[in-house]
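In: how does the following fold in three dimensions:
(chains A and B)
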Protein chains: 2
Amino acid sequence: MKRRPFLQTLCGAGLASAFASAQTASEKAPAKKLGWALVGLGSLSTHQIAPALLKTRNAKLTGLVSGSPDKTEKWSKQYSIDAAHIYSYERFDEIIKDPAIDVVYIVLPNSMHKEYVIRAAKAGKHVFCEKPMANDAEECREMIAACKEAGKLLGIGYRCQFVPHHVEAVRLAKEKVFGQVKHIQANFGFQSGDPKQWRLRKALAGGGAMMDVGVYALQSCRMLMGEEPTEVSAIETKTDPVKFAEVDETVNWQMKFPSGRMAQCCTTYLFNGYNDFTAVCERGKFSLGPAYSYSGLKGTCSGGKNYLDMPDVDHFQLEMEAFSQAILDGKEFHPSGEEGLRDMLVVDAIYRSIQSGKLEKVAPV
Amino acid sequence: MKRRPFLQTLCGAGLASAFASAQTASEKAPAKKLGWALVGLGSLSTHQIAPALLKTRNAKLTGLVSGSPDKTEKWSKQYSIDAAHIYSYERFDEIIKDPAIDVVYIVLPNSMHKEYVIRAAKAGKHVFCEKPMANDAEECREMIAACKEAGKLLGIGYRCQFVPHHVEAVRLAKEKVFGQVKHIQANFGFQSGDPKQWRLRKALAGGGAMMDVGVYALQSCRMLMGEEPTEVSAIETKTDPVKFAEVDETVNWQMKFPSGRMAQCCTTYLFNGYNDFTAVCERGKFSLGPAYSYSGLKGTCSGGKNYLDMPDVDHFQLEMEAFSQAILDGKEFHPSGEEGLRDMLVVDAIYRSIQSGKLEKVAPV
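Out: Model prediction:
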C-alpha cells in the first residue's frame, strides 16, 4: 500500500507533466492502479461499475460502502475485498485512515450525493459522483467548495463525455463538419417499473425523469452547442399522478443560447422510445439513437460518410480511467463539479419555469 | 357551360346521395368536371396546382385571376383559357356572372386570403383556400361566416390530409397500432432565399416560418394526437434580424393536450433539415421524414413492418378531387374553414406566448 505516497511525490515533483496524455501514459507502461471505493451497491454498481473496474488499467476496486451486510458479504467474496476496507454509512468517515482507497465513487440516490461527496472530501479522498450531481445548484456549490478546500478532485459521472460516439459528435459540431449546428432536439426517457423504487421518492431522488435522464439530453445540447443556455421554458405533465405523485413524470423544455440558437428536449418516466439527439446543421445533420444506452449506440449522418459508426466501448471503464489518470497526472479533470453545477443551474431554471409558467433565465455560474 | 344548372338540380333534388362516396362515384362513371379558377399565378399555382388540375378526374382549370397580363397571356395559351374567364383583381367580383367557374382556389399571399375568400363566396363560388387560412383566428371566423352565408363550401389546402402516408399515420395513431401515441416531435423549416420575397413582408405574409410551414408540424400533432392542444409555450429567435426584420425566423413551441400528452415543434426560415414528425407510442414509434415535401415521403416504423412505405401521389390532385367531389355529392368537406380556424387559434396562442414569455391557453373555437 505504498501507492499514495509514491503518487504524491510524483505529482508534487511535477513529474506528472512527463505524461503527455492518459493515452500516451497507457502505451508507455502499465499504469499504477488507484484504489476505488464504491458507495452504494445498487444496480448500477453491480452491473456496470464493478465489472468495469475489472478492466480499468489505472484503477481497481479496493473498498465498499453499503448499509447492507448481505451485499458486502457477497461483494467481498466476488471482488476479494478484505473486511478492513468495507464500511457502513455510519463508519464511512473512517476511510480517512484507509490508504487502500484513493477515490470514492458516490453511487447513491441523488439526494445523498451532497452529504457523501462532502464527507468523502473531508476524509481526504478524491470524489467521483454520479449524475445528477445534486438536488440543485446550491448543493453543487457546497460540494465544489468542500472538494476545493480538501484539495481533492471532484468528477461527475457524465460517462457519455468519454464515449467515442459523443466525442466525435462534439467534434462534428465544433469543427463544423456539416456547418454550424443550427438546432438540436435531444430526448431521453424510459418507462419506470417498480412504483416503490427510490427514483419515485422525492426525498431520495430530488426529482423525477428530469433529474435522472433529462440531464443526458441537456448535456448533449450544451456539448453540441458549445455554449451555455441562457433562458428556458418548460412544461410538465403527469398522466399518472398516483405513481408520479412526488416526482416529475414527463417534462418538455426548450432553451435559448447566447447565439440565438435553440434546442428542445423531452424526458419521461412514462414511456420508452426516446433515447436520441439530432443536430441540424447548415449543410446536413447528424444524430445518435440510441444515444445514451450503455451499448449499441447508433449514429447517422447526412451524406455518404457515417462519422458516428463506431464500436461499443465500456463507458464506465473510460470515465474511471480518465478520472484516475487526472489524479495520477496531477491535472484538472473534466467533467468537474462545475460541469455538474452548470447542468443543475439549467435544471433549476426548468423547474422554476414549470412552476411559474414563464420563460426563466438560467442563473450565472 | 351547362354544368352548374345541372349540378344544382342534382344536388337540389337530393340525388347527390346516390353517390355512396367519391371513390364509388369515380368507379361508376367519369365524373363531371367542376371548373376551378386560380387566384394568384405564382410558383405554387405554376408548378403544382395547374399541373395537378390536368390530372383531376372531377375538376379542370377554367379561370384565371391575376394582376399580371404577362402571366395570364402565357397561361391562357398553355391551358386554353378563353379571355372571357380571365380576371384582374379589380374585376374579380365579375366571376359571379361566369358559369364556367364553380370553385375559386385562393393561392395568394396569406394576408390576402380573407378578402378574396369573402369576395369569392359573395360571387357565389365554392372556395378553396391555401394554408395558412388567414392572419389570425378572427379572420378565419369572418371567412367561415361569409361562406356559410353564401351557402358555399370552404375548404383549406391541407394537402397532407389526403396523402396516403399521413392518412396511414393517423390510422396508426387512432387504432393504436403501436399503442397510444405518447409524445410527438414535428418540425418543418427551410432556408428562405430571396430577401425580397413576399414571405418576408409582414403586410403580405402575416407572419414568418410559423405561419408558412410551422402549420404543417402543428397539423401533424393535432391529427396524430386526435385532440386539440389547450396550452402552448413558445420561444422565438432571430439570428438574422435584418433579413427577418418583419417576420419570425425560428420558432420553437410545445403544446399540452387535454389527455396530458405533449408535443414539441420547431419551424424556421433560417436552415434546411427539418421536415419530419416522430410519434413515440407505448409499444414503438413511427415517423415520416421527409414528411411535408410534395414527393419522396419516407416513413419508418418500429418492428418489422413499415406501414408508411407507400408510393408518391400528387397531393394537389387529391385535395382538389376531394373538394370537387364534396361539392358534387352535396356533402360537407373536411378540412373545412373550422380546421383552419383551429390551427390559427393555436398559432395565435403561440404568438401571444412569444410576446408574453408565458404559457398561453388556446382560445376555444
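In: A:L61 contacts A:D82, doesn't it?
Out: No: between A:L61 and A:D82 there is no contact under C-beta atoms under 8 Å: 11.8 Å. Glycine gets a C-beta too; all of them are placed from N, C-alpha and C.
In: which of the two has more neighbours?
Out: More neighbours surround A:L61 than the other of A:L61 and A:D82, with 26 against 10 (other C-beta atoms under 10 Å in any protein chain shown).
In: where does the more buried one fall, helix, sheet strand or coil?
Out: Per DSSP: H, G, I helix; E, B strand; the rest coil, the secondary structure class of A:L61 is strand.
In: what's across from it in the sheet?
Out: On the basis of DSSP bridges, A:L61 is bridged to A:W36.
In: residue contacts, it?
Out: Counting by C-beta atoms under 8 Å, 6 or more residues apart in numbering or on different chains, A:L61 touches A:35-38, A:50, A:53-54, A:79, A:81.
In: what does A:C129 give?
Out: Applying C-beta under 8 Å, 6+ apart, the residues near A:C129 are A:105-106, A:113, A:117, A:143, A:154-157, A:337, A:340.
In: do A:N306 as well
Out: A:299-300.
In: the lengthiest helix in chain A: which residues count as buried?
Out: Secondary structure assigned by DSSP state H gives helix A:337-356 as the longest helix of chain A. Buried residues in helix A:337-356, counted by 16 or more other C-beta atoms under 10 Å in any protein chain shown: A:337-354.
In: ok, now stretch A:225-245?
Out: For stretch A:225-245, by 16+ other C-beta under 10 Å, it's A:225, A:229, A:231-239, A:244.
In: wait, doesn't A:S76 sit right on A:A84?
Out: No: applying C-beta under 8 Å, one finds A:S76 not in contact with A:A84, separated by 10.3 Å.
In: and the two? which has more neighbours close in?
Out: Neighbours per residue (other C-beta under 10 Å) separate A:S76 from A:A84, with A:S76 holding more: 15 against 9.
In: how close does the more buried one sit to chain B?
Out: 42 Å (C-beta to the nearest C-beta, to the nearest Å).
In: again, but for A:A134
Out: For A:A134, the distance to chain B - C-beta to the nearest C-beta - is 27 Å.
In: phi first, then psi, for that residue.
Out: Here is the backbone geometry of A:A134 (degrees, to the nearest 10): phi -160, psi -170.
In: that one: neighbouring residues, count only.
Out: 29.
In: pLDDT score assigned to the closest residue to A:G157 other than its chain neighbours?
Out: Nearest residue to A:G157 in three dimensions, chain neighbours excluded: A:E130, at 4.5 Å (C-beta to C-beta, 6 or more residues apart in numbering or on different chains). Predicted confidence (pLDDT) for A:E130: 98.
In: go on, A:M223?
Out: 98.
In: run the chain-centre distance for the one helix or strand it maps to.
Out: For A:M223, the host element (DSSP states H and E) is helix A:215-225. Centroid displacement of helix A:215-225 relative to its chain, using C-alpha atoms, centre = their mean, to the nearest Å, is 12 Å.
In: show residues contacting it.
Out: Here helix A:215-225 has contacts from A:131-132, A:158, A:160-161, A:166, A:169-170, A:173, A:181, A:184, A:186-188, A:228-229, A:255, A:257, A:259, A:261, A:263, A:265-267, A:277, A:279, A:291-292, A:342-343, A:346-347, using C-beta under 8 Å, 6+ apart.
In: now it and helix A:337-356, what's the angle there?
Out: Per axes from the mean of the first three to the mean of the last three C-alpha atoms, to 10 degrees, the angle that helix A:215-225 makes with helix A:337-356 is 110 degrees.
In: and helix A:215-225, what's buried?
Out: A:215-225.
In: and A:M255, what is it in contact with?
Out: A:M255 neighbours (C-beta under 8 Å, 6+ apart): A:221, A:229, A:231-232, A:262-265, A:346.
In: from those, which ones fall inside strands?
Out: Of those, the ones assigned to strands by DSSP state E are A:231-232, A:262-265.
In: ok, the following helix or strand past the longest helix of chain A near chain B or not?
Out: Counting by DSSP H and E, the next helix or strand C-terminal to helix A:337-356 is strand A:360-361. No: judged by C-beta under 8 Å from any C-beta of the partner chain, strand A:360-361 stays clear of chain B, getting no closer than 9.0 Å.
In: put together a markdown table for the contacts of A:C129, with secondary structure and pLDDT on each row.
Out: Converted to a markdown table, those look like this (DSSP: H, G, I helix; E, B strand; the rest coil; pLDDT from 0 to 100):
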| residue | secondary structure | pLDDT |
| --- | --- | --- |
| A:Y105 | strand | 98 |
| A:I106 | strand | 98 |
| A:H113 | helix | 98 |
| A:V117 | helix | 98 |
| A:M143 | helix | 98 |
| A:L154 | strand | 98 |
| A:G155 | strand | 98 |
| A:I156 | strand | 98 |
| A:G157 | coil | 98 |
| A:G337 | helix | 98 |
| A:G340 | helix | 98 |
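In: tell me the one of the residues you listed nearest A:W198?
Out: For the contacts of A:C129, the residue nearest A:W198 by C-beta to C-beta is A:H113; the value is 12.8 Å.
In: and for the closest one, the neighbour number?
Out: For A:H113, using other C-beta under 10 Å, the count is 27.
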